[in-house]
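# The sequence and its predicted three-dimensional model are supplied below.
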Amino acid sequence: MTERPRRTAWIRRFHTAAPDAPHVVLFPHGGAGATSFHPLSRALKPHVQALVVQYPGRQDRIAEPCVADVGELADRVAEELEPWADLPLVLFGHSLGSAVAFETAVRLERRGTTVRALFASARRAPSLPLDGAPPSLDTDAELLGILKQLGGDSAPQIPDDPAFLELVLPAVRNDFHASNRYRAPAGLRLTCPVTGLAGEEDPAVAVSEVGAWAGHTTGPFRLLTFPGGHFYLDDRLERIREEITRAAVRRNPP
């Protein structure tokens, strides 16, 4: 049996599922650390084993330089998933995490790893350009304004503490730049099923932009919409758990 580490530099495992449980890899949104998916990881056990990606430049990797390129992030994550390459994997990403999950899935499929499904949440399709010029990220005040507008009342709370902001804002700014620069060729496709998930009141991503993920797989595509904004999933944990579990245990595409 392949020896699988409990954690690596890039992968966290907060909860232990059944030994034969299927695996899902969770990719956090921009600026976030792995603990943002701690509640979902807990909800998935014992039926699904969650592996949560920890990007550099935040939380316990705060001393490491951030990576501002989605392709480079995907290269590193795909390498770190090598101990699990013999397993079929489900990938779930939120916002920037959807782009990293997609590029990681492309790399895994090329290497022969079975990707059972990709979930792309709150992110426009990889080939779609930004609608207009990217927002200015020059000052902390501008960046905080964008975060508040993006999240609304459902956004994770950011303490008004200068020392805290000095720690977290570099990763947030880095990830915004990575997100804004990323674009994939229109012909880049997976073979696995893809599910797009969208908040109906998301100020940053239109439902139709999430629906355009259909063009990035030769397999089945579904679009799921939910009441709420960019962080709709915080109030839909049980539904997300059900969808991931169904995809993880399924042996064949629908």
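That came in fine, so what should we check first?
# Next, the contact list for the closest residue to residue 49 other than its chain neighbours, please.
The shortest distance from residue 49 to any non-neighbouring residue, by C-beta to C-beta, 6 or more residues apart in numbering, is to residue 17 (3.9 Å). (Glycine included, C-beta is placed from N, CA and C.) By C-beta atoms under 8 Å, 6 or more residues apart in numbering, the contact set of residue 17 is 44, 45, 46, 47, 48, 49, 50.
# Which ones among those residues map onto helices?
Here DSSP state H is the test, and those give residue 44 as lying in helices.
# ok, so of the contacts of residue 17, who is nearest residue 27?
Nearest to residue 27 out of the contacts of residue 17 is residue 50 (C-beta to C-beta; 11.4 Å).
# buried set for whichever strand or helix holds residue 106?
Assigned by DSSP states H and E, residue 106 falls within helix 96-111. Under the neighbour-count criterion of 16 or more other C-beta atoms under 10 Å, helix 96-111 has 96-109 buried.
# which residues of the stretch 151-254 of the chain fall in helices?
162-181, 207-211, 237-249 (DSSP state H, counting those that start in this stretch).
# ok so, going back, please report the distance of the residue nearest to residue 49 from residue 178.
Distance of residue 17 to residue 178, computed by C-beta to C-beta, to the nearest Å: 31 Å.
# can you check residue 10 too?
Taking C-beta to C-beta, one finds residue 10 at 16 Å from residue 178.
# what does residue 58 give?
Taking C-beta to C-beta, one finds residue 58 at 13 Å from residue 178.
# likewise residue 192?
24 Å.
# most centrally placed residue in this structure?
residue 93 (2.1 Å; C-alpha atoms, centre = their mean).
# What angle do helix 162-181 and the lowest-mean-pLDDT helix or strand in the chain make with each other?
Least confident helix or strand, the chain: helix 140-151 with a mean of 74, by mean pLDDT, DSSP states H and E. Comparing the axes of helix 140-151 and helix 162-181 via axes from the mean of the first three to the mean of the last three C-alpha atoms, to 10 degrees yields an angle of 70 degrees.
# Give the other helices and strands that helix 140-151 contacts.
helix 162-181 (3 or more C-beta pairs under 8 Å, 6 or more residues apart in numbering; DSSP states H and E).
# contacting residues around the helix it packs on?
Under C-beta under 8 Å, 6+ apart, the answer for helix 162-181 is 30-31, 55, 57-58, 62, 66-70, 73, 95-96, 99, 130, 134-135, 137, 140, 143-144, 146-147, 158-159.
# next one: phi and psi at residue 13?
Phi and psi for residue 13, reported as degrees, to the nearest 10, are phi -130, psi 100.
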